[in-house]
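Visitor: what follows is a predicted structure for the sequence shown.
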Amino acid sequence: MVVSSSRLHAVRYKQALDRYIKDHGYSNLRTLVAFSGTVVDGDDEYTEPRMNGFPESQTADVFGGADYQVLVVAEFALALTLLLGG
């Protein structure tokens with residue numbers, strides 16, 4: 001789990017990690033991101049469901065499974081909530 005200092009940083013960390021994984025040919029490693037609302041970065045808008053490809057209500061259940069091993073979160077409180085299953 002990577003805990004970032006803001007929602008924008010969470011978006012950028014996920015993008016950077018996804019690029020690194022692709023560039024280095026890691027086919028068995030995927031990332032998730034967790035943040036609330038919509039993040040605007042320049043002309044682009046990001047939401048958790050759009051970046052992950054499924055509803056945010058599924059993020060906690062999917063993380064740690066066979067398909068997703070890295071979770072980038074926007075703040076420590078959210079990280080605790082996901083870890084504790086709340």
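Guide: Perfect, thanks for sending it. Computed from a predicted model, the values in this text were never measured in an experiment.
Visitor: show me what counts as buried in the longest helix belonging to the chain.
Guide: The longest helix of the chain (DSSP state H) is helix 7-23. Buried residues in helix 7-23, counted by 16 or more other Cβ atoms under 10 Å: 7, 9, 10, 11, 12, 13, 14, 15, 17, 18, 21. To be clear about C-beta, it is placed using only N, CA and C from the backbone, and glycine gets the same treatment.
Visitor: report the central residue of the protein.
Guide: Residue closest to the average C-alpha location in the chain (Cα atoms, centre = their mean): residue 33, at 1.0 Å.
Visitor: host element of it?
Guide: Using DSSP states H and E, residue 33 sits in strand 31-34.
Visitor: listing partners with orientation, what would you give for that strand?
Guide: Applying DSSP bridges, strand 31-34 is found paired with strand 70-73 (parallel).
Visitor: contact partners of the strand it pairs with?
Guide: The contact list for strand 70-73 (Cβ atoms under 8 Å, 6 or more residues apart in numbering) reads 1-4, 10, 13-14, 17, 29-35, 59, 63, 79, 82.
Visitor: go again using 7 Å as the cut-off
Guide: 1-4, 10, 13-14, 17, 29, 31-34, 63, 79, 82 (Cβ atoms under 7 Å, 6 or more residues apart in numbering).
Visitor: noted, bye for now.
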